[in-house]
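[1] Sequence and predicted structure, then a few things I'm wondering about:
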Amino acid sequence: MLAGLAGKASVIGIGLMSGTSLDGVDAAVVKIEGSGLQSKVHLLHYYTKPYDDELRARIKDLCDPATSNVMSICGMNVYMGEVFADAAIEAAREAGLAQEEIDFVSSHGQTIWHMPEGTEQDRYLRRSTLQIGDLSVIAKRTGWLTAGDFRPADMAVGGQGAPLVPYGDLILFGNRDKGRLLQNIGGIGNCTALPPGAGAEDVFAFDTGPGNMIMDQTVLTLTDGRLSYDEGGAWAALGTSDEELLAELLSHPYFRQLPPKSTGRELFGAAYTEAFLRRAGERGLHAADIVATATAFTAHTIANACKELVMPRCRIDEVIVSGGGAHNRTLMAALARLLPEQSIMNAGALGLADDAKEAVIFALLGHSFLRGEPNNVPAATGAAYPTVMGKLALP
């Protein structure tokens, strides 16, 4: 089965991605020609399966040790496998493709815990990460070869298991003449720096900090659950950022760490947002000013990372934004003000749908895994050497 896949000049795969924003499952149906860093990718169709409010709340509970338990994790692992499978099947149907035309599925899974550093006080708490959405469930429900669970292999060779997207960023956006910063703004923000003419050894990447996570939780709390995000940044545009509170937020030690580094809800989740809202209340901020401050926080963490951690190492001509944050006009305008010497654009301006980028990249990661080709970028994750990431489930 795998030998047949490796022998084909082109394959059709479905990449599945669900990030820390917990918006839903993104499914990208792609045609891939060639292999490795010489791969050529054509997006055939993009589909998203949104999470409802109850599922989003249940996943958030799993990401918090205070509300999580082993029974819930065990059951949700299977349930999320069914959700991912449904997304893949629907994406193929909308693309007009028959069952036999799909060669494989590649799933990132849903991260519920990411621990890039171990705990010295407890020898059992090793560096580790956990994504749910069982691969066997996906494979059996869809009838397609399924790859996934990529992060642990990178961690096994000394990496942080994140970020993984630089592999695909280099394939999709590498440019001989321009230095590019690929900034994804999902729940967490992550960036990939591509110097002009970069090879894999020149790429570096890291998580910049919170992306939409704090903004979304702030809006959810302020509206008592009526709204889950600030559409287009319209609410933030009505307010003014509180500079003193913003400075407090930016003093978090994560932003002083040098790459490679990665983070998630463990650091910037519900408890962090609760503390932020409590401080905002103490300062007597109006709701619009609170949302504006949360938005400015994300913008400054991204801009500061670019200016302090990226630009001293390489020239950056363009900042290309993808993910849900690319649709936040207030956030994008703030980035343009904070990075006046760089061109700020979204991935759509270069021909790839903003929301589809990460799902496309996970299709690439799965394709390389199935061909037995290394698909991590040690310069980005801190791994000791290139390795093949992924696990396999047969239909």
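    Arrived safely, thanks for sending.
[2] Tell me where the protein has strands.
    Chain-ordered strands for the chain, with DSSP state E as the definition, fall at 10-18, 24-33, 40-50, 104-115, 128-132, 146-148, 180-185, 188-194, 204-210, 318-322, 343-346, 391-393.
[3] and of those strands, who's closest to residue 64?
    Each of those has some distance to residue 64 by Cβ to Cβ; the shortest is strand 104-115, at 9.4 Å. Backbone N, C-alpha and C define where each C-beta goes, glycine included.
[4] neighbours of residue 21, just the number please.
    Residue 21 has 22 neighbouring residues, counting by other Cβ atoms under 10 Å.
[5] Just the pLDDT at it, thanks.
    Note on residue 21: pLDDT of 83.
[6] The one 4 residues further on now?
    With respect to pLDDT, residue 25 scores 97.
[7] who touches it in this structure?
    Listed by Cβ atoms under 8 Å, 6 or more residues apart in numbering, the contact set of residue 25 reads 16-18, 48-49, 51, 83-84, 87.
[8] If you rank those residues by neighbours, which is first?
    Counting neighbours by other Cβ under 10 Å, the top entry in these is residue 84, with 32 neighbours.
[9] Point out where the protein drops to low pLDDT.
    For the chain, the stretches with pLDDT under 70 are 1-4, 6.
[10] Which stretches in the stretch 51-200 of the chain count as helices?
    If you assign secondary structure with DSSP state H, counting those that start in this stretch, the helices in the stretch 51-200 of the chain sit at 53-62, 70-94, 135-142, 151-156, 166-173.
[11] Check which helices and strands the first one sits against.
    Under the contact definition 3 or more Cβ pairs under 8 Å, 6 or more residues apart in numbering; DSSP states H and E, helix 53-62 sits against helix 70-94, strand 104-115.
[12] same deal with the last one?
    Using 3+ Cβ pairs under 8 Å, 6+ apart as the contact criterion, the neighbours of helix 166-173 among helices and strands are strand 180-185, strand 188-194, strand 204-210, helix 357-370.
[13] contacts for the third one?
    Identification of contacts with strand 204-210 by Cβ under 8 Å, 6+ apart yields 162-163, 165-166, 169, 183, 187-193, 252, 254-255, 259-264, 268, 272, 297-298, 301-302, 305, 309-310, 313, 377, 379-381.
[14] 7 Å instead?
    Strand 204-210 has contacts (Cβ atoms under 7 Å, 6 or more residues apart in numbering) with 162-163, 166, 188-193, 254-255, 259-263, 268, 298, 301-302, 305, 379-380.
[15] Write the ChimeraX selection for whichever of those are buried.
    Typed into ChimeraX, the next command selects the buried ones out of the contacts of strand 204-210 (criterion: 16 or more other Cβ atoms under 10 Å):
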select :162,163,166,188,189,190,191,192,193,255,259,260,261,262,263,268,298,301,302,305,379,380
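[16] between the strands of the chain, which one is nearest to residue 76?
    Evaluated with Cβ to Cβ, those place strand 128-132 nearest to residue 76, the distance being 5.9 Å.
[17] Now do that closest one: everything it contacts.
    Residues from elsewhere that reach strand 128-132, judged by Cβ under 7 Å, 6+ apart: 73, 76-77, 80, 108-115, 149, 151-152, 155, 161.
[18] ok, 10 Å please
    For strand 128-132, contacts defined as Cβ atoms under 10 Å, 6 or more residues apart in numbering pick out 18, 59, 62-63, 73-81, 84, 107-116, 118, 148-152, 154-156, 160-162, 262, 264.
[19] Now the helices and strands packed on helix 166-173 in JSON lines, please, with extra columns for distance to residue 69.
    Formatted as JSON lines, the entries for the helices and strands packed on helix 166-173 read as follows, by distance: least, Cβ to Cβ, whole Å:
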{"stretch": "strand 180-185", "distance to residue 69": "31"}
{"stretch": "strand 188-194", "distance to residue 69": "24"}
{"stretch": "strand 204-210", "distance to residue 69": "26"}
{"stretch": "helix 357-370", "distance to residue 69": "29"}
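[20] Test my guess that residue 378 contacts residue 164.
    No. The pair residue 378 and residue 164 does not pass the contact test of Cβ atoms under 10 Å, sitting 11.9 Å apart.
[21] anything in contact with each of these two?
    Between them, residue 378 and residue 164 share the neighbouring residues residue 154, with contact defined by Cβ under 10 Å, 6+ apart.
[22] Those two - which one has more neighbours?
    Under the neighbour definition other Cβ under 10 Å, residue 378 and residue 164 were set side by side, and residue 164 has more, 26 against 20.
[23] so what's the more buried one closest to, chain neighbours aside?
    Setting aside the residues directly before and after it, residue 164 is nearest to residue 150 in space (Cβ to Cβ, 6 or more residues apart in numbering), at 5.9 Å.
[24] Enumerate every residue touching the one you found.
    106-109, 129, 131, 161-162, 164, 167, 362, 365-366, 368-369, 375-376, 388-391.
[25] redo that, cut-off 6 Å
    Residues in contact with residue 150, defined by Cβ atoms under 6 Å, 6 or more residues apart in numbering, are 164, 365, 389-390.
[26] wait, which of these is closest to residue 92?
    When those are compared for distance to residue 92 (Cβ to Cβ), residue 365 wins out at 19.1 Å.
[27] Just to check, the closest one is in contact with residue 375?
    Yes. Residue 365 is in contact with residue 375 according to Cβ atoms under 6 Å; the separation is 5.1 Å.
[28] distance of the residue nearest to residue 164 from residue 115?
    Computed as Cβ to Cβ, to the nearest Å, the residue 150 to residue 115 distance reads 16 Å.
[29] Residue 306: neighbouring residues, count only.
    21.
[30] What of the one 3 residues further on?
    Number of residues near residue 309 (other Cβ under 10 Å) recorded here: 19.
[31] Okay, the nearest residue to it once chain neighbours are set aside and residue 338: tell me how far apart.
    The spatially closest residue to residue 309, leaving aside those adjacent along the chain, is residue 259, at 6.3 Å (Cβ to Cβ, 6+ apart). Per Cβ to Cβ, residue 259 is found 20 Å from residue 338.
[32] ok, back up a step: in a markdown table: the strands of the chain, plus distance to residue 277.
    Written out in a markdown table, the entries for these read as follows (distance: least, Cβ to Cβ, whole Å):
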| stretch | distance to residue 277 |
| --- | --- |
| strand 10-18 | 26 |
| strand 24-33 | 25 |
| strand 40-50 | 25 |
| strand 104-115 | 23 |
| strand 128-132 | 28 |
| strand 146-148 | 36 |
| strand 180-185 | 21 |
| strand 188-194 | 19 |
| strand 204-210 | 14 |
| strand 318-322 | 26 |
| strand 343-346 | 29 |
| strand 391-393 | 39 |
